[in-house]
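Participant: Prediction below, plus the sequence it came from.
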Amino acid sequence: MNKAIFLDRDGIILKNPGFINNPEQVELFHDIITFIKKAREMDYLVIVVTNQGGVGLGYITEDQLNNTHAEMLNQLEEGGAKIDAVYYCPYHPDAPDNYPDHAGWRKPNPGMLEGAAQAFVLDLSQCVMVGDMPSDVQAGYNAGCDLNVLVDRSLVETPYPHIEGYVVVADLADVATLIQMEDY
Ligand SMILES: [Mg+2]
């Protein structure tokens, strides 16, 4: 079986979080390319799992979203960083009639991670979830990931006592160090 690092999109890969509707708004974080290369050296697949409820809400179209992701992948590949797949959840609870079949994909639900696990034959107990929101690490926990890391780039200590089984770090270099220390 394979192992993967799941990456949230906004706040981890891309700056300007929110409903990006134009590829020109795509701007990578400075540390993401190095991190993805390191992840691949450690034999992890790299899979993006992103809530894009703006689609369900009608703020952005799937075409706009796909264009944004094409630009993101393009910028990453220019830096030599390969992504294996991008999963997104178009469902939003404020528009429950749109994409109802995807409700289970919306983090903190584990649906995207479980879908990826089937498609890529992943052992989720060997996988790592990296995000900047409680819903990210909760999704990883719900999926049974071995390590769930919340990246708090502002380093403002924000405890989330209702979330189980996660670690807080300051940046992606710390995530890589953590994984290497644990020697997965
Ligand atoms: Mg995020």
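Facilitator: Cool, got the structure. Residues are numbered from 1 along each chain as shown.

Participant: Poorly predicted segments of the chain, please.
Facilitator: Residues of the chain meeting the criterion pLDDT under 70: 17, 155-162, 183-184.

Participant: in it, which spans are helices?
Facilitator: Using DSSP state H, the helices of the chain run over 32-41, 53-57, 62-78, 111-120, 134-143, 172-182.

Participant: could you say what helices and strands the fourth one packs with?
Facilitator: Taking 3 or more CB pairs under 8 Å, 6 or more residues apart in numbering; DSSP states H and E as contact, the helices and strands that helix 111-120 lies on are strand 4-7, strand 45-51, strand 85-89, helix 134-143. (Each C-beta comes from the backbone N, C-alpha and C, glycine too.)

Participant: what do you get for the third one?
Facilitator: Using 3+ CB pairs under 8 Å, 6+ apart as the contact criterion, the neighbours of helix 62-78 among helices and strands are helix 32-41, helix 53-57, strand 85-89.

Participant: Report the buried residues of it.
Facilitator: Buried residues in helix 62-78, counted by 16 or more other CB atoms under 10 Å: 64-65, 67-69, 71-73, 75-76.

Participant: Could you save those as JSON lines and add columns showing distance to the ion?
Facilitator: Below are the buried residues of helix 62-78 laid out as JSON lines (distance: CB to the ion, whole Å):
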{"residue": "Gln64", "distance to the ion": "18"}
{"residue": "Leu65", "distance to the ion": "15"}
{"residue": "Asn67", "distance to the ion": "20"}
{"residue": "Thr68", "distance to the ion": "14"}
{"residue": "His69", "distance to the ion": "15"}
{"residue": "Glu71", "distance to the ion": "18"}
{"residue": "Met72", "distance to the ion": "14"}
{"residue": "Leu73", "distance to the ion": "18"}
{"residue": "Gln75", "distance to the ion": "18"}
{"residue": "Leu76", "distance to the ion": "17"}
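
Participant: quick one: buried residues of stretch 138-147?
Facilitator: Residues 138-143, 145-147 are the ones in stretch 138-147 that count as buried (16+ other CB under 10 Å).

Participant: actually stretch 23-36, sorry about that
Facilitator: For stretch 23-36, burial by neighbour count (16+ other CB under 10 Å) applies to 26, 28-29, 31-33, 35-36.

Participant: what's the closest residue to the ion within the chain in contact with, if anything?
Facilitator: Per CB to the ion, Gly11 is where the chain lies closest to the ion, at 3.6 Å. By CB atoms under 8 Å, 6 or more residues apart in numbering, the contact set of Gly11 is 17, 131-133, 151, 153.
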